[in-house]
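**Q** What follows is a predicted protein model with its sequence.
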Amino acid sequence: MLFTGPCAYRRLGGLAITLLLVWAVGCGESSTPVQPSSAVQVKVGDAAADRVVAFEMTLTSLVLTTSNGQEVTALAEPRRIEFTRLAGALEPVALLDIPQGIYTEAALVGSNMHLTYIDATGELREYTSSANFNTSIMLDPKLTVNASSVLGVDLNLAASILRLDSTNVEPPQFQPVYTFSVAPVSATEQQEEEGALEHVTGVVTAADSGSFTMLLGQNGIPLSFAVDASTTFQGVTLTTLPNMIVEVDGVTAADGTLYAERVAGLANSNGAVLEGMLLNGAIIPAGVVRQTARRPEGELVVHDGMGSGMADVLVGRPVTVDFSTAAYGINGEGMPDGWAFDLIGGLVFNAATIFPGQEVQIVSDTGITPLAGGYTVPARTVTLQEQAASGVVSDYRDGLLFGVIFDSAKTQTVSPRSAVSMPTAAFDLQLPADSYLRLLTPFTSVTVGIFPETRLYGTSTVSDLMNVRVRGWLLYFDDQLVMIADRVDFVSAPVPTIVRTSVPRR
């Protein structure tokens, strides 16, 4: 057997969520040996539009065409996806078999679009369309599938939204823009593009001594994971798994088998789990709004969810979250090794630092309840998730210890035990005028910390005036927004200096 256990496939870093399709190959004569499966990873929401806070659409079909004209159906049934939370992340949408070969064309159909954005007055606006969105693409470069592989299908949301009138006079215009990529499933340390599954959340429908099956949130795809002695179980066992809502980190074997490295129990069938963006009304630090008491409630724009009371109608809409008895934490799988946030200058996520614009996971023991024309969710836990922000790099500095990464006047003492992995560089991400973070907060920039574990895509180094997208953990620190970078994606070359000669820093 090619796979020797999930530890052999441990990935370098964590991304919130993974999109996979497992393909089997071998369409020759009956005497031809069966070829390895090909794991296909569908990547969506890679370049989100800044003003958009939720975008949901049903992927109705995906058909690939080989160089000899053979059409291959790559999506067995429609899948409902919310895309904004997947900027720089991936999620499974199907499991199927296709032939090996060179693929030259792709045809996709999407339908039932639901768009939520912030208008010029700062209010949420929704737009829906029942139209089908048909896209046919000649693949350049062509995609070659000759072994277990990961195929990425990336929806560029920013390029897909042709018009978004913040004054609400004209309706939004949308035409999907996709790009494709392919990479082999890695046999060693997997990244999400190579078969790793990050923070996959769903309801377990069946379990036995060696495996379990779960259904993902609104997506609804069933995924079966093998487990072994190296699988870590947190708050749940194989015996208690059925009907539990769980979060799974795993890997893909060379034959397409999914293996669970970590299984964390979140809630039973009476509870619910939501992921979304905190909106106005979240608990804003007193130093920003001069409030004398913490508000016990806030709004969450729902991006995905499962459990008691969850329905598709809630996606893209705000629900009221009761924070009064909640515990706080950070979804730190894949964070810089050894980083103890609570030991480093007060860089924490708690009731005093929760902030509008942060992506969080809400776990409730009692589910989602209709109340006074809306919905309310009593939170047992509020967990900070990874999210993405785009902008222009300014004031890039490297070789700094953590104590001076933000401001030399705010030097913090760091315990050596918490300094296993320290930042190697930092920069200020200047946010676009219509960034959701600028629209929801008083801030115009985010201070970004780069670590040895931070991955760079499309560039070998970061420099001033470069346009980038950063995915990581967003925190409030000493009257600043700070993002711990899990990955940095190159978007475009530096802005010409004749256009922008200097970028102010907060």
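**A** Sure thing, it's come through.
**Q** Low-confidence stretches in the stretch 301-450 of the chain?
**A** Across the stretch 301-450 of the chain, the ranges flagged by pLDDT under 70 are 333-346, 399-422.
**Q** where exactly do the strands run in it?
**A** In the stretch 301-450 of the chain, the strands defined using DSSP state E, counting those that start in this stretch lie at 318-322, 327-330, 359-364, 369-371, 374-378, 381-384, 387-398, 425-430, 445-450.
**Q** cool, the stretch 101-250 of the chain as well?
**A** Per DSSP E, counting those that start in this stretch, the stretch 101-250 of the chain carries strands over the ranges 101-118, 124-145, 149-155, 161-163, 173-174, 178-184, 197-207, 211-216, 222-226, 232-234, 245-252.
**Q** Would you single out the least confident of those?
**A** Among the strands of the stretch 101-250 of the chain, strand 149-155 has the lowest mean pLDDT, at a mean of 81.
**Q** Next, the angle strand 245-252 makes with that one.
**A** On the basis of axes from the mean of the first three to the mean of the last three CA atoms, to 10 degrees, strand 149-155 is oriented at 130 degrees to strand 245-252.
**Q** Pairing partners for strand 149-155, with directions?
**A** strand 178-184 (antiparallel) (DSSP bridges).
**Q** starting at the chain centroid, how far to the partner strand?
**A** On the basis of CA atoms, centre = their mean, to the nearest Å, strand 178-184 sits 18 Å off its chain's mean C-alpha point.
**Q** So which bits of it are buried?
**A** Across strand 178-184, burial judged by 16 or more other CB atoms under 10 Å covers 178-180, 182, 184. For glycine as for every other residue, the C-beta is placed from the backbone atoms N, C-alpha and C.
**Q** which outside residues touch that strand?
**A** The contact list for strand 178-184 (CB atoms under 8 Å, 6 or more residues apart in numbering) reads 41, 43, 46, 106, 108, 135, 137, 139, 143-145, 147-156, 193-194.
**Q** residues contacting the residue nearest to Val52 when sequence neighbours are not counted?
**A** Spatial nearest neighbour of Val52, excluding adjacent residues (CB to CB, 6 or more residues apart in numbering): Tyr117 at 4.9 Å. Tyr117 is in contact with 49, 51-53, 124-125, 127, 164, 166, 172, counting by CB under 8 Å, 6+ apart.
**Q** what's the distance between Ala89 and Glu198?
**A** Ala89 is 7 Å from Glu198, where distance means CB to CB, to the nearest Å.
**Q** What residues are bridge-paired with Gly307?
**A** Under the criterion DSSP bridges, Gly307 forms beta bridges with Ala272.
**Q** My guess is it contacts Met244. True?
**A** No. Applying CB atoms under 8 Å, one finds Gly307 not in contact with Met244, separated by 10.1 Å.
**Q** anything in contact with each of these two?
**A** 203, 267, 269.
**Q** The first one is in contact with Leu241, isn't it?
**A** Okay, so that is Val203. No. In this structure Val203 lies outside contact range of Leu241 using CB under 8 Å: 10.2 Å.
**Q** which SS class is Pro494?
**A** What DSSP: H, G, I helix; E, B strand; the rest coil gives for Pro494 is coil.
**Q** Return the residues in contact with it.
**A** So Pro494 contacts 463-467 (CB under 8 Å, 6+ apart).
**Q** got it, and Gly250?
**A** Going by CB under 8 Å, 6+ apart, Gly250 touches 6, 196-197, 200, 225, 258-262.
**Q** what does Leu431 give?
**A** Leu431 makes contact with 50, 389-391, 437-438, 443-446, according to CB under 8 Å, 6+ apart.
**Q** now the spatially closest residue to Ala120 that is not a sequence neighbour: how far from Val446?
**A** Sequence neighbours aside, Ser166 is the residue nearest to Ala120 in space, at 4.1 Å (criterion: CB to CB, 6+ apart). Ser166 sits 22 Å away from Val446, going by CB to CB.
**Q** ok, now Glu189?
**A** The gap separating Glu189 from Val446 is 29 Å, by CB to CB.
**Q** Using the record's domain definitions, break this protein down for me.
**A** Per automatic domain parsing, the structural domains of the chain span 6-194, 197-266, 272-384, 388-492.
**Q** so where's the stretch 1-150 of the chain shaky on pLDDT?
**A** Where the stretch 1-150 of the chain drops to pLDDT under 70, the residues are 1-49.
**Q** Per-residue confidence, the nearest residue to Gly88 once chain neighbours are set aside, what does it come out as?
**A** Nearest residue to Gly88, sequence neighbours excluded (CB to CB, 6+ apart): Arg471, at 3.7 Å. With respect to pLDDT, Arg471 has a value of 92.
**Q** what's the burial count for the residue nearest to Ala120?
**A** For Ser166, the count of nearby residues is 15 (other CB atoms under 10 Å).
**Q** Make sure it is actually in contact with Glu123.
**A** No. Ser166 is beyond contact range of Glu123, at 10.2 Å (criterion: CB under 8 Å).
**Q** and Asn219, what does it touch?
**A** Applying CB under 8 Å, 6+ apart, the residues near Asn219 are 79-81, 91-93, 304.
**Q** ditto for Ala76
**A** Contacts of Ala76 (CB under 8 Å, 6+ apart): 94-96.
**Q** ok, back up a step: neighbour-wise, which of Glu189 and Val446 wins?
**A** Neighbour count, other CB under 10 Å: between Glu189 and Val446, Val446 has more, with 26 against 14.
**Q** for that one, what are its contacts?
**A** For Val446, the contacting residues are 389, 391, 428-429, 431, 437, 470, 474, 481-483, by CB under 8 Å, 6+ apart.
**Q** gap between it and Asp50?
**A** 13 Å.
**Q** do the same with Met57
**A** Met57 is 19 Å from Asp50, by CB to CB.
**Q** doesn't Ala272 make contact with Ile368?
**A** Yes. Ile368 is within contact range of Ala272, at 5.1 Å (criterion: CB under 8 Å).
**Q** Next, show the common contact partners of the two.
**A** If you check Ile368 and Ala272 against CB under 8 Å, 6+ apart, the residues they both contact are 305, 307-310, 377.
**Q** of those residues, closest to Asp322?
**A** Distance to Asp322, by CB to CB, is smallest for Val377 among the shared contacts of Ile368 and Ala272, at 6.9 Å.
**Q** How many neighbouring residues does that closest one have?
**A** Counted with other CB under 10 Å, Val377 comes out at 28.
**Q** so what's it up against?
**A** By CB under 8 Å, 6+ apart, the residues touching Val377 are 272, 274, 300, 319-322, 362, 364, 367-369.
**Q** Quick check, Thr205 in contact with Ile221.
**A** No. Counting by CB under 8 Å, Thr205 sits too far from Ile221 to count as a contact (11.8 Å).
**Q** where do the contact lists of those two overlap?
**A** With CB under 8 Å, 6+ apart as the test, Thr205 and Ile221 both reach Leu215.
**Q** would you turn the contacts of Leu431 into JSON lines with distance to Thr459?
**A** Converted to JSON lines, the contacts of Leu431 look like this (distance: CB to CB, whole Å):
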{"residue": "Asp50", "distance to Thr459": "21"}
{"residue": "Ala389", "distance to Thr459": "17"}
{"residue": "Ser390", "distance to Thr459": "14"}
{"residue": "Gly391", "distance to Thr459": "15"}
{"residue": "Leu437", "distance to Thr459": "23"}
{"residue": "Arg438", "distance to Thr459": "24"}
{"residue": "Phe443", "distance to Thr459": "25"}
{"residue": "Thr444", "distance to Thr459": "24"}
{"residue": "Ser445", "distance to Thr459": "20"}
{"residue": "Val446", "distance to Thr459": "19"}
